[in-house]
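Asks: Dropping the sequence and predicted coords here.
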Amino acid sequence: FVLIRVLAPFEILRHVGPVRERIAQIAPDLVHAMRIPFEGIVAAKATPPAYPLITSVWGNDFTLFAMRHIVIRRQTQQVLDRTDALHCDCARDLRIADEWGFEAARPRIVLPGAGGLQRDRFSPGPGNRALAGRFAIPDGAPVIINPRGFRGYVRNDVFFKAIPRVLQVHPAAIFACSSTQGNPTAEKWVKELGIGANVRLLPPVSRDEMADLFRLAQITVSPSTHDGTPNTLLEAMACGCFPIAGDIESLREWIADGENGLLCDPADPKALAEVILRALQDAALRERAREHNQRLIDARAEYGAVMAQAEAFYAEVVAHKQATAGGEKVSWSAGQQGGAG
């Protein structure tokens with residue numbers, strides 16, 4: 001991660017020319033960069049002024065990348081200056097963009113970053129016992145899943161340290177950890193904490209299998225310190241799995257603590273263990289949350305509705321660009337060069 005932050009801001013500059021040439025060949029109605037580092041940085045330099053540029057903001061573009069590296073911070077500001085319209089997956093990032101000077105008159109929208117959830121895939125249902133057997137999950141065992149894998153902003157150390165406290169009360173509980181199989185750090189923690197009988201270090205799984213894992217589990221845990229709207233959070237909620245997450249601004253847009261999930265300090269193993277135990281012991285809370293979250297997903301994250309909003313937003317952005325540019329595209333040359341840094 002350190003090498004990415006240090007080297008990538010400079011290495012990406014060699015891609016600006018080829019991307020500009022490709023835009024010239026395609027002559028699109030608009031250009032959409034799917035996140036700021038590093039697609040948005042390239043797009044801001046490569047997209048001619050005549051073309052509308054939409055930039056998507058991922059959950060850690062501002063709060064992690066831009067805040068921790070001076071070059072990426074400067075490039076992020078350049079992206080916002082060039083961007084004609086902004087798509088964020090949480091309202092917090094729109095607020096941050098406004099604080100950075102993104103013009104209020106420019107189009108903006110908040111939509112789930114992956115386009116929403118296909119409800120025929122992510123919905124409540126019975127657990128897949130064949131999958132449970134594959135991962136040695138006993139019938140009737142309480143299951144807690146951590147679907148995030150290893151990321152620099154997810155406190156997996158806190159998650160593993162919380163497990164022994166939970167096992168003191170629920171010794172049969174199973175902790176399933178996505179995309180951790182063969183990870184030496186995870187294996188080391190499991191051995192040192194003496195929790196091997198209750199932890200399943202899982203390989204990467206397909207989306208359908210992830211949905212089945214969420215249906216097998218009672219609780220999903222995401223102890224992140226930086227996030228927008230994680231796809232795995234929405235997927236878990238859609239499958240009826242009770243969400244526990246770090247108490248950060250973006251996640252409070254989806255989870256009302258004590259109503260449809262629980263929030264806690266993502267750096268505190270004791271606090272995390274306490275909310276896991278509360279969720280395991282309060283079946284009524286889990287059921288209320290399950291019903292609430294079905295309505296919430298249908299209202300804010302259903303794929304068909306989200307994609308219809310995205311399509312309408314594209315049309316709005318093109319119309320806004322034409323109106324502000326006097327209805328004509330600005331002439332440009334593929335040989336023009338963008339500035340560095």
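Replies: Perfect, thanks for sending it.
Asks: I'd like to check which residues are in contact with Asp61.
Replies: Asp61 makes contacts with Arg35, Ile36, Pro37, Gly40, Thr76, Asp93, as judged by C-beta atoms under 8 Å, 6 or more residues apart in numbering. Where you see a C-beta, it was placed from the backbone N, CA and C, and this is true even at glycine.
Asks: right, I mislabeled it, should have said Gly228
Replies: Val57, Trp58, Gly59, Asn60, Cys88, Asp89, Cys90, Arg92, Asp93, Gly113, Ser250 are the contacts of Gly228 under C-beta under 8 Å, 6+ apart.
Asks: and of the contacts of Asp61, the nearest to Ala46?
Replies: Nearest to Ala46 among the contacts of Asp61, counting by C-beta to C-beta, is Gly40 at 10.6 Å.
Asks: Just the ones of the contacts of Asp61 in helices?
Replies: Per DSSP state H, helices hold the following members of the contacts of Asp61: Thr76, Asp93.
Asks: ok, which pair from the contacts of Asp61 is furthest apart?
Replies: Pairwise across these, and taking C-beta to C-beta, the largest span is found between Pro37 and Asp93, at 13.5 Å.
Asks: Who has more neighbours out of those two?
Replies: Using other C-beta atoms under 10 Å as the criterion, Pro37 and Asp93 rank with Asp93 on top: 27 against 23.
Asks: where's the residue lying closest to that one once chain neighbours are set aside relative to Leu80, distance?
Replies: Residue nearest to Asp93 in three dimensions, not counting chain neighbours: Val57, with 4.5 Å by C-beta to C-beta, 6 or more residues apart in numbering. In this view, Val57 and Leu80 are 9 Å apart by C-beta to C-beta, to the nearest Å.
Asks: And for Ala279?
Replies: Distance, Ala279 to Leu80, by C-beta to C-beta: 39 Å.
Asks: Dump the contacts of Asp61 into JSON lines; add distance to Arg14 and pLDDT as well.
Replies: Below are these laid out as JSON lines (distance: C-beta to C-beta, whole Å; pLDDT from 0 to 100):
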{"residue": "Arg35", "distance to Arg14": "19", "pLDDT": "94"}
{"residue": "Ile36", "distance to Arg14": "18", "pLDDT": "96"}
{"residue": "Pro37", "distance to Arg14": "16", "pLDDT": "92"}
{"residue": "Gly40", "distance to Arg14": "17", "pLDDT": "96"}
{"residue": "Thr76", "distance to Arg14": "20", "pLDDT": "96"}
{"residue": "Asp93", "distance to Arg14": "28", "pLDDT": "97"}
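Asks: so which of the contacts of Asp61 comes closest to Leu202?
Replies: Using C-beta to C-beta, Arg35 comes nearest to Leu202 of the contacts of Asp61, at 26.4 Å.
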